[in-house]
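Asker: sequence first, then the predicted structure:
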2 protein chains.
Amino acid sequence: MADQEIPALLRVLNGERLDPPPIWIMRQAGRYLPEYRELRTRAKNFLDFCYSPALATEAVMQPLRRFPLDAAILFSDILVVPDALGQKVWFVEGEGPRLEPLIGQETWSFGDSEKAIQRLAPVYEAVERIRAAIPKDIALIGFAGAPWTVATYMLQGRGGDKDDARMEVYRRPEDVDALLDVLVETTAQHLAAQVRAGADCLQIFESWAEGLPPLIFQRVIVGPTRKLFARVRELGVTVPIIGFPRGAGSGIGAYAHETGVNALGVDTQTSAMEVIEAAPEGMALQGNLDPLTLIVGGAALEKAARDVLNDFRFVPHIFNLGHGITPQATPENVERLVKIVKGQV
Amino acid sequence: MADQEIPALLRVLNGERLDPPPIWIMRQAGRYLPEYRELRTRAKNFLDFCYSPALATEAVMQPLRRFPLDAAILFSDILVVPDALGQKVWFVEGEGPRLEPLIGQETWSFGDSEKAIQRLAPVYEAVERIRAAIPKDIALIGFAGAPWTVATYMLQGRGGDKDDARMEVYRRPEDVDALLDVLVETTAQHLAAQVRAGADCLQIFESWAEGLPPLIFQRVIVGPTRKLFARVRELGVTVPIIGFPRGAGSGIGAYAHETGVNALGVDTQTSAMEVIEAAPEGMALQGNLDPLTLIVGGAALEKAARDVLNDFRFVPHIFNLGHGITPQATPENVERLVKIVKGQV
């Protein structure tokens, strides 16, 4: 493959510095798009939507038709893993996910990892369809939730603060470790299956890295993430993996050096200078525009976007937000952002 | 005053290292104590409770009767400042504070700082009564919310995520600056009045330092805090000031070096090593036991408490939590903690 045929995103993940940097947007297929809101009504619930290869593919295509983005990401949810492991998962419209919580149950038992992967066949079919539908120069990102983040939902049964999950680490440390081990194995197989189906690279969402005492951060985040990546490699996966430990604070250094991650997603709060210093030299960095600027628009968006470009100009950089785009953002502001990043305005 | 008469807390704030370190607990007068819950019923709402010097003094005394703590903190609330500035403030039982939000109002106008301080006379009377009621070797801490944290409540009208307040920084930066200036002036006078009434030192609660892009952190936290401390000094205050920028992450370095703060409150997520490196040499550090360990108790509490003692053993250290104690904590666990810290078990 000639250099110009390798998607820009993969070139940066391999350590190249591109100007302009490639851009994609976390949750780029989502509720800020009217066509997505329309599409969403075609499935009776969110999990059905995720498990429909046709709907998931169409959702992925929508932002690509509007904006010249450099990557697509599988349309799915981090909670398909507990669902496939046999835990009851549902979504309350306007509120978020609900699960039958593990906390309060005397023994925690889970389905078999291999059976879970069989149940997730529609996800891999979606990956195949998406890869066939998008141009070759657009990278397709597969993804999963990190073990601790998925475990917090499984433990608590919902989002919000993660105090109850953290207390279980004090109360039942061995049981939490065992839960994380199940998630490591199932998630590794889930990621490997996405790569076999055509994903060009992977992203791991550690959405709840924040607020943990440093020793617990090591135990539930750094350790299991290292195991996960080792297992993914053992399963024959060679594509680059982006880790996004949102809210890790100064834990970002340990995460970057000790897990085997290939690139770092940078959250809104983290400064470019700090992450450039904390990460191994030459590691690709992805981020970190404040998503609220895509609601506000105008001069605030312009300035913030140019600041991000400037802050990361000397390292391999993938332009993205520091957190997922919100439903209140406007497609017009996203269009403007992509033009700014591509140097077209 | 001979050395042994100077409260241990003040000696550490002045740079001395004590073994065992002094200990107090954020929200030590609070809902985890049955006698507090009983006392609370004697006022019809929470602000009335705060404005009653008799009730506030009794609330402060309660934990001191149970535990040999080294400091008392004024019983009050950070929202007495907007209340005194004429914004409507009330508390919804079990939910938290509510204010008539500034967001949505075309112009933001506030009462006069000096009149606000006159309205806060009962707070200063409480300080006098508390100082008279507690032993000389127990330090009395005065406090206020930091400008940005108080501003988030004034802007949004409630707690929860601070996205709407942050968007106002993009949308109406000059108006937010003006609001912060009003809070700097009123808070400085509020703190000076507490010191005149007998407070031995001060703590500033920046409860919402988290999640801000670094440039905004500088604009709404570092800048206004520096102005606040300069103004407090201008008003003749010489006592030490502890700043607690919860969730500041790597912003802790700028906060420690650029605001004029004398000591740092360290949150649960921040590692001792990191804050010792980030702070000026010899600065007193306060924290940072995970408050959830006071719910869990047992071996988890024991280990976590000894880890904190160990982590801060080479610096001037005040033992505290990394966040306020929760209503679910037990007095028995607090008693155990104080014994561990004092080397009695």
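Answerer: Great, that's in hand.

Asker: now what about the helix or strand that contains A:V275, what contacts it?
Answerer: Assigned by DSSP states H and E, A:V275 belongs to helix A:272-278. Residues from elsewhere that reach helix A:272-278, judged by CB atoms under 8 Å, 6 or more residues apart in numbering or on different chains: A:250, A:252-253, A:256, A:264, A:266, A:285, A:288, A:308, A:311-312, A:314-315, B:250. C-betas here are computed from N, CA, C, even on glycine.

Asker: report the buried members of the residues you listed.
Answerer: A:250, A:252-253, A:256, A:264, A:266, A:285, A:288, A:308, A:311-312, A:315, B:250 (16 or more other CB atoms under 10 Å in any protein chain shown).

Asker: A:D19: neighbouring residues, count only.
Answerer: 8 (other CB atoms under 10 Å in any protein chain shown).

Asker: which residues does it contact?
Answerer: A:D19 sits in contact with A:R313, where contact means CB under 8 Å, 6+ apart.

Asker: for chain B, see how far away it is.
Answerer: A:D19 is 23 Å from chain B, where distance means CB to the nearest CB, to the nearest Å.

Asker: doesn't that residue lie inside a helix?
Answerer: No. Per DSSP: H, G, I helix; E, B strand; the rest coil, A:D19 lies outside any helix segment and is coil.

Asker: what helix or strand does the residue lying closest to A:I221 once chain neighbours are set aside sit in?
Answerer: Of all residues not flanking A:I221 in the chain, A:W148 sits nearest, at 5.2 Å (CB to CB, 6 or more residues apart in numbering or on different chains). Following DSSP H and E, the helix or strand that holds A:W148 is helix A:147-156.

Asker: A:T225 now?
Answerer: helix A:223-234.

Asker: which positions in that helix come out as buried?
Answerer: Buried, per 16+ other CB under 10 Å, within helix A:223-234: A:G223, A:P224, A:T225, A:R226, A:K227, A:L228, A:F229, A:R231, A:V232.

Asker: now swap in stretch A:92-100 and tell me
Answerer: Under 16+ other CB under 10 Å, the buried positions of stretch A:92-100 are A:P97, A:R98, A:L99.

Asker: and that stretch with chain B, contact?
Answerer: No. Counting by CB under 8 Å from any CB of the partner chain, chain B has no neighbours in stretch A:92-100; the shortest distance is 13.3 Å.

Asker: how long is that stretch end to end?
Answerer: 13 Å (CA to CA, to the nearest Å).

Asker: what's the farthest-apart pair in the contacts of helix A:272-278?
Answerer: Based on CB to CB, the longest span within the contacts of helix A:272-278 runs between A:S250 and A:F314 and measures 21.9 Å.

Asker: show me which residues of chain A sit near chain B.
Answerer: Going by CB under 8 Å from any CB, the residues of chain A near chain B are A:163, A:166-167, A:170-171, A:210-217, A:247, A:249-251, A:268-271, A:274, A:290, A:292-293, A:295-296, A:300, A:304, A:307, A:322, A:326.

Asker: nearest spatial neighbour of A:G223, chain-adjacent residues omitted?
Answerer: Nearest non-adjacent residue to A:G223 (CB to CB, 6+ apart): A:L180, at 8.0 Å.

Asker: verify the contact between the one you found and A:T152 for me.
Answerer: No. Contact criterion CB atoms under 8 Å: A:L180 and A:T152 do not qualify, at 10.9 Å.

Asker: identify the bridge partners of the closest residue to A:I134 other than its chain neighbours.
Answerer: Nearest non-adjacent residue to A:I134, counting by CB to CB, 6+ apart: A:A72, 5.3 Å away. Residues in a beta bridge with A:A72, per DSSP bridges, are A:L140.

Asker: how about the strands in the stretch 51-200 of chain A?
Answerer: A:71-73, A:89-92, A:96-99, A:139-145 (DSSP state E, counting those that start in this stretch).

Asker: just put these in CSV and tack on mean pLDDT.
Answerer: Listed next are the strands of the stretch 51-200 of chain A as CSV, based on pLDDT from 0 to 100:
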stretch, mean pLDDT
strand A:71-73, 98
strand A:89-92, 95
strand A:96-99, 96
strand A:139-145, 98
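
Asker: in JSON lines, list the ones you listed along with distance to B:A199.
Answerer: Output for the strands of the stretch 51-200 of chain A, formatted as JSON lines (distance: least, CB to CB, whole Å):
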{"stretch": "strand A:71-73", "distance to B:A199": "54"}
{"stretch": "strand A:89-92", "distance to B:A199": "47"}
{"stretch": "strand A:96-99", "distance to B:A199": "43"}
{"stretch": "strand A:139-145", "distance to B:A199": "47"}
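
Asker: select, out of those, the one closest to B:Q118.
Answerer: strand A:96-99 (46.2 Å).

Asker: which strands and helices sit next to that closest one?
Answerer: strand A:89-92, helix A:147-156 (3 or more CB pairs under 8 Å, 6 or more residues apart in numbering or on different chains; DSSP states H and E).

Asker: pretty sure A:V123 contacts A:G198?
Answerer: No. Using CB under 8 Å, A:V123 is not in contact with A:G198, being 11.9 Å away.

Asker: higher neighbour count, those two?
Answerer: A:V123 (24 against 17).

Asker: how about the more buried one: what's its closest non-neighbour residue?
Answerer: Nearest residue to A:V123, sequence neighbours excluded (CB to CB, 6+ apart): A:S76, at 5.5 Å.

Asker: number of residues surrounding the one you found?
Answerer: Neighbours around A:S76, by other CB under 10 Å: 25.

Asker: same thing with the one 10 residues further on?
Answerer: A count of nearby residues for A:G86, using other CB under 10 Å, gives 14.

Asker: how about it, what does it touch?
Answerer: A:F110, A:G111, A:A116.

Asker: my read: the last one touches A:V81, true?
Answerer: The one in question is A:A116. Yes. Using CB under 8 Å, A:A116 makes contact with A:V81 at a distance of 7.0 Å.

Asker: between these two, which contacts overlap?
Answerer: A:T186, A:H190.

Asker: for the stretch 201-345 of chain A, what spans make up the helices?
Answerer: Using DSSP state H, counting those that start in this stretch, the helices of the stretch 201-345 of chain A run over residues A:214-217, A:223-234, A:252-258, A:272-278, A:293-296, A:298-311, A:331-341.

Asker: buried deepest among those helices, which one?
Answerer: Highest mean neighbour count among the helices of the stretch 201-345 of chain A (mean count of other CB atoms under 10 Å in any protein chain shown): helix A:293-296, with a mean of 23.

Asker: quick check: mean pLDDT of it?
Answerer: Per-residue pLDDT over helix A:293-296 has a mean of 98.

Asker: and it, what does it pack against?
Answerer: For helix A:293-296, the packing partners by 3+ CB pairs under 8 Å, 6+ apart are helix A:298-311, helix A:331-341, helix B:163-171.

Asker: name the residues that touch the first one?
Answerer: The reference is to helix A:298-311. By CB under 8 Å, 6+ apart, helix A:298-311 touches A:20-21, A:271-273, A:287-290, A:293-294, A:319, A:333, A:336-337, A:340-341, B:170-171, B:213, B:215.
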